[in-house]
Each structure stands twice: as structure tokens, then as C-alpha cells.
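J.: how does the following fold in three dimensions:
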Amino acid sequence: MTNVTVLSTPARWPRLLLPDSPLAKPADLEAAVKAGAWAAFTKAVEEMGAAATIAAVARSGLRGRGGSGFPTGEKWRACALAEADRRYVVVNAYQSDPAVFSDRVLLETNPYAVLEGAAIAAYAVGAGEIVVAVRAEATDAIRVMEAAIAAAEKRGFLGLEILGKSLEIVASVKPLQGSYMLGEETVLLKGIEGQRGQPDQQPPYPTTRGLYGLPTLIHHPQTFAAIPTIVGRAPGGYASIGSKASPGTALVQLSGSVARPGVAEVPMGTPLRDIVDLAGGVPSPHTLKALLVGGPSGGILPPDALGTGYEYDALEKAGAHIGSGSIVVVDERSCLVDLAAVLTRFCADEACGKTIPCRIGLRRMAEIGARFCDGRPRGDELTRLADLSADIVASGLCDHERRATLPLTSIARYFRGELDAHIVRNTCPAGVCQSLARPRIGAVS
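T.: Numbering: from 1, shown residues only. Predicted coordinates:
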């Protein structure tokens, strides 16, 4: 199993995604059923019906956990209304961000929550096939999911004549191997089809033209794992968890300069300070310098932002985003200019290059970051950075290129003193950028 610690959380915080007591064998269907698995699916099929199920999901306020936070109920309605004889449901469990494993933890410890949520979605929108897309190297997650699917088929929750009715939903696991861009939903669909991994212009959205040109409902595994809770109890109960703008819980992976790195399930809207405290904070004698929130294309936030709620709108306003659900804690030993430059170069290297803002714009941003670290800026570099970032955000095809502007723009917003030290005084206060002079002892950066 993935060697990631699941962090303890306060007793008042609900567990909706990760099991309170993980099963010794996660694919043990009988034990899972005793714990409540597949009860919500049975309720949806035998009591509620497709339309009422979609309405319940919409009333819950659930927003997709894939990073964009789009209302889940709206997606379901669009897919159900699309004219087609066949539809697909896709679980986007590829999780391409480096060293982030929260999706694997979910698949390996609570596979039936994901499968049941996907089955409810398939029933509600009229899809007959579920595809669970997973990184090929996530062998434990693949093994657990395949065993769970086989057990569910044998019990009659998946396959043909589900629950003794003329209802057919088949499920399969699709291991994929490819670039960072496979995390983007339209690129993932092309990967499943065996095509070149580049994003499509939207609209049309996958809900109307997705996998193999057919209506497709694609969600993050955490989104599907929340569905059994919503359908199994009044959606108003789910809406009361977390924040009003972003109900429910989410998995957050904490790493970097913390005492206990790991994955935690937190209510949406929880202040960043409380989340960092779950990992024991920054070990003494070091001090918190910044938080990287959202993965390689995330924003670098200052300690003053610790009161920001972990939710879509608040993080976007602060210059970050949920992204892969990762928070990297940075202490005073790191150079934030160097960190932003490395992240920007990574995003430029991993970009597919389909559009000019992606192919050229991100490369120019990476070059600006490199010049910051080398102490060789060209003219008014900060104005050039701001203008280029605005152009990429305004004309980018997908969220990758738009959000790849955040590392550099966030340090320009919050850490201007450290940036000016590199550009104006030709020094690196942290002593990391080797081509620059180290600051004198006692000098103010």
C-alpha cells in the first residue's frame, strides 16, 4: 500500500471520504456492506429514481474536487440531458502532481466509496460504463480497485441485471502512463482513447462530447466518494458540513518542513493554520516562511495568509488554488524566488505546447524566473512578468497554462522584498541562488 500517513484530526471533524476504521482487506465486500457500502446505491435505484438522485446531488452543493470546483449537480444534469444512446462515467484518479498520493490513499483504503459513487452517477445520467483511470505505477491502487470491481459484480451491484433489474453498469480500471498533462480532463479522455495528450477547446464540454465522442461524466475520486453520503442521508445534512460556498470535506496532503507529513481529511473552509497544525507545524528551531498551496502551479502564500479558508473562492482570491490538494510548508532556509522559478520551469517543461500562450508564453515566464535567480534582469522585468501573465491567463486554452503563472506572480505580490533583493541588490537572502552574493551577516534583506 502507499506509504503515506493518514493524519489524526479533531473528533468534531467528520470522516466522509476516508473510513473511520479501515478494513484489513479494503476489497472485502461483505465487511464493507456491513459498514454501509452500497446502501445509497440501492436507495437511488429502488427508491429515488434518476431525476431525484440528480436533484439531491445538486441540493447538497457538492463542487467537483478536481480543482476547478464546478457544481457537481450541474454537470450531472448536462450529461443526462445530452442526446445519445450511450454515456460514460470516468473516474479521474491519475493525479499527476509529483509526490502527491492522496487519491491513491482513497482508492486503496475506501474503494467501494468511489465505486458506489460512480455507480450512482452512472445510474442517474444513464451511463452503462465506468472507467477508473489510474497511473500505471499505482499498482496497489489498481489491484484493490480491480478486486473491488470483481466482488461488486459477483454480488450484483455492478455488471448485468443489477439488483435484479434490467440495469447494466460495467466497470473497469484503465492504467495510464504519460505526461503531467494527463491530469486535465480532456487530455485524460484522449489518453484512454490512445490519442495524443493535448486539451480540447471547451465548449463542447465532455458532458456532451467526451470519451469516444459520447456524453461523459468525469470527476475526481473524492467527488464520487462523497456521493454515497449525500444520497444516503438528506442532502441538507451534507450541505451543513464545511463552508456554505464549498460544502463537504476534502483530502489534503501536507509535506515540506513539517513534523508529520501525511494526508488529512478536512472540512472545506478550514483555515490553513489549522491544517498545518495537523502535521505538527514547522519543527524547531525553524520558522514558517511560506505555503505552496495547489501543487506546482499553485500560489506561494505568506504566513499572514494562514487565516485563509481552504476553499475554492478564498484560495483563488488569495492567489492560489486547491489543485491537487497539496500544501507544501516552506521554512526560512528556502529561497522563494528560486522555488517559484523551479515551479515555473517545471510547468513550462510539462506543458503540451498546443497553443502559443502555452508553448511560448510559459517558456518566456520560465526565462524571467531564471534571470531573477541569476541576477541578470532585463529592464523592467516585473512589468514584463505582469503583462505576460495577464496575456496567458486571458488567452490560455486550459487551466494548466493559466495557473502556471501563479508561482511567480504570487511572490511578486507577497514577497517583493526578497524579489527586489535578487533584482536590485543582486543578493539571495537565503543564500540559495549560487550565482548571487550572499547577504552580509546582520544585513536587512
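
J.: CA atoms for contacts and neighbours, from now on please.
T.: Noted.

J.: who's in contact with the strand or helix carrying residue 389?
T.: Element membership for residue 389, per DSSP states H and E: helix 381-395. For helix 381-395, contacts defined as Cα atoms under 8 Å, 6 or more residues apart in numbering pick out 357-358, 361-362, 365, 368, 401-403, 405, 409, 412.

J.: looking at the residues you listed, which are in helices?
T.: Using DSSP state H, the subset of the contacts of helix 381-395 located in helices is 362, 365, 368, 401-403, 409, 412.

J.: report the two of the residues you listed separated the most.
T.: By the measure Cα to Cα, 401 and 412 form the most distant pair in these, at 18.2 Å.

J.: show me what contacts residue 245?
T.: 61, 311, 313.

J.: one step back: hey, C-alpha coordinates of the helix holding residue 389 in CSV?
T.: Extracted in CSV, the C-alpha atoms of helix 381-395 (Å, rounded to 0.1, in the frame of the first residue of the first chain):
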residue,chain,number,x,y,z
GLU,A,381,11.3,42.7,-15.6
LEU,A,382,8.4,42.9,-13.1
THR,A,383,6.2,44.8,-15.6
ARG,A,384,7.1,42.3,-18.3
LEU,A,385,6.1,39.5,-15.9
ALA,A,386,2.8,41.1,-15.1
ASP,A,387,1.9,41.7,-18.7
LEU,A,388,2.9,38.3,-19.8
SER,A,389,0.9,36.6,-17.0
ALA,A,390,-2.2,38.6,-17.9
ASP,A,391,-1.9,37.6,-21.5
ILE,A,392,-1.5,33.9,-20.7
VAL,A,393,-4.5,34.0,-18.3
ALA,A,394,-6.7,35.8,-20.8
SER,A,395,-5.8,33.6,-23.8
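
J.: averaged pLDDT, it. What do you get?
T.: What helix 381-395 shows for mean pLDDT is 94.

J.: please apply the same query to stretch 424-444.
T.: Here the average pLDDT along stretch 424-444 is 76.

J.: on the three-state scheme, residue 145 is what?
T.: Classification of residue 145 using DSSP: H, G, I helix; E, B strand; the rest coil returns helix.

J.: for residue 13, state which of the contacts of helix 381-395 is nearest.
T.: Among those, residue 403 lies closest to residue 13 (Cα to Cα), at 30.4 Å.

J.: let me know how buried the closest one is, in neighbour terms.
T.: 24 (other Cα atoms under 10 Å).

J.: just residue 99 next, same as before
T.: A count of nearby residues for residue 99, using other Cα under 10 Å, gives 11.

J.: can you confirm it is in a helix?
T.: No. Under three-state DSSP, residue 99 sits outside any helix and is assigned coil.

J.: for it, phi and psi?
T.: phi 60, psi 20 (degrees, to the nearest 10).

J.: equivalent analysis for residue 233, please.
T.: Residue torsions, per degrees, to the nearest 10, at residue 233 are phi -140, psi 170.

J.: wasn't residue 217 part of a strand?
T.: Yes. Assessed by three-state DSSP, residue 217 belongs to a strand.

J.: neighbours around it, how many?
T.: Neighbours of residue 217 (other Cα under 10 Å): 30.

J.: which ones are touching the residue lying closest to it once chain neighbours are set aside?
T.: Of all residues not flanking residue 217 in the chain, residue 89 sits nearest, at 4.7 Å (Cα to Cα, 6 or more residues apart in numbering). Residue 89 sits next to 118, 121-122, 127, 129-131, 216-218 when contact means Cα under 8 Å, 6+ apart.

J.: got the domain ranges for the protein?
T.: The chain breaks down by automatic domain parsing into domains covering 29-239, 249-331, 336-423.

J.: so who does residue 156 touch?
T.: 162-164.

J.: so residue 249 bridges to which residues?
T.: Using DSSP bridges, the beta-bridge partners of residue 249 come out as residue 267.

J.: pLDDT below threshold where in the protein?
T.: Along the chain, segments meeting pLDDT under 70 span 1-3, 437-445.

J.: most centrally placed residue in it?
T.: Central residue of the chain (Cα atoms, centre = their mean): residue 324, 2.9 Å from the mean position.

J.: could you look up the SS state of that residue?
T.: Three-state assignment for residue 324 (three-state DSSP): coil.

J.: hang on, it packs against residue 66?
T.: Yes. Judged on Cα atoms under 8 Å, residue 324 makes contact with residue 66 at a distance of 7.2 Å.

J.: how far away is residue 66 from residue 430?
T.: 34 Å (Cα to Cα, to the nearest Å).

J.: dump the residue contacts of the residue nearest to the centre of the chain.
T.: Contacts of residue 324 by Cα under 8 Å, 6+ apart are 66-67, 95, 97, 100, 294-295.

J.: which of those residues fall in strands?
T.: Among the contacts of residue 324, DSSP state E puts none in strands.

J.: got a markdown table for these, with distance to residue 183 and neighbour count too?
T.: Below are the contacts of residue 324 laid out as a markdown table (distance: Cα to Cα, whole Å; neighbours: other Cα atoms under 10 Å):
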| residue | distance to residue 183 | neighbour count |
| --- | --- | --- |
| 66 | 9 | 23 |
| 67 | 10 | 17 |
| 95 | 6 | 26 |
| 97 | 8 | 18 |
| 100 | 12 | 22 |
| 294 | 13 | 24 |
| 295 | 12 | 25 |
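
J.: nearest to residue 240 among the ones in helices among the contacts of helix 381-395?
T.: Nearest member of these to residue 240, counting by Cα to Cα, is residue 403, at 30.2 Å.

J.: how about the closest residue in space to the closest one that isn't next to it in sequence, phi and psi?
T.: Of all residues not flanking residue 403 in the chain, residue 297 sits nearest, at 5.4 Å (Cα to Cα, 6+ apart). With angles defined as degrees, to the nearest 10, residue 297 sits at phi -100, psi 20.

J.: my guess is residue 297 contacts residue 405, does it?
T.: Yes. The pair residue 297 and residue 405 passes the contact test of Cα under 8 Å, sitting 7.2 Å apart.
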